[in-house]
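> just need the structure, nothing else, for what follows:
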Amino acid sequence: MHRNINRSQFLSGDFKGVHRSIRPPWAVPETLFVERCTRCGECLNACPHGIIKEGRGKFPKLDFALHGCDFCRKCVEVCEPKALNYDTATVTSPWNLKAAILPACLSLNAVVCRSCGEVCEERAISFKLELRGVARPNVNTESCTGCGECFAVCPVKAVEISPGDPHSEAA
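Residues are numbered from 1 along each chain as shown. Predicted structure coming up:
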């Protein structure tokens, strides 16, 4: 698999690009984003949920710790240099982020919890009852928007929001 990494990832030894910041929705590709973004902070101020934070180099990044993204496009509306660009002719989704359930999930460890499934508006997270009463969470990556709501409500932070198409089930 080929991944483009930026200079800071190279210098920090992140050769796989796994520690890349999650950019706001409708961000242009990373190299173009870094060129266009003036680090003005307007997108941070525009976000009604306060999930856009100042990241490395003062570039905006997302933090789903308290809330998910509802794709209101307020950040895009204030981005004058078009580092965030919603073009109805070419854009089909705000990003390629998907949720994945990690092994620390309470349900996977025989503790009843369905917080992630209850908060998912897209109904992308379902639970399949298995032997010994364990309900295994399953993420339908076709339905998942990567909004981060499931991450925000998980009491043990056993949800990962990452680029690409992660495994739909925890192994």
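> could you pull out the helices in this protein for me?
For the chain, the helices defined by DSSP state H cover 7-11, 30-36, 42-46, 74-78, 115-119, 149-153.
> and these, which is most packed in?
A comparison of those by mean neighbour count, using mean count of other C-beta atoms under 10 Å, puts helix 149-153 on top with a mean of 23. To be clear about C-beta, it is placed using only N, CA and C from the backbone, and glycine gets the same treatment.
> which elements pack onto it?
Other helices and strands packing on helix 149-153, by 3 or more C-beta pairs under 8 Å, 6 or more residues apart in numbering; DSSP states H and E, are helix 115-119, strand 159-163.
> change it to 10 Å
Applying 3 or more C-beta pairs under 10 Å, 6 or more residues apart in numbering; DSSP states H and E, one finds that helix 149-153 contacts strand 97-101, helix 115-119, strand 159-163.
> for the residue located most distally from the centre of the chain, which non-adjacent residue is spatially closest?
Counting by C-alpha atoms, centre = their mean, the extreme residue of the chain relative to its mean C-alpha position is residue 132, 32.2 Å from that point. In this structure, residue 132 finds its nearest non-sequential neighbour in residue 110, 7.0 Å apart by C-beta to C-beta, 6 or more residues apart in numbering.
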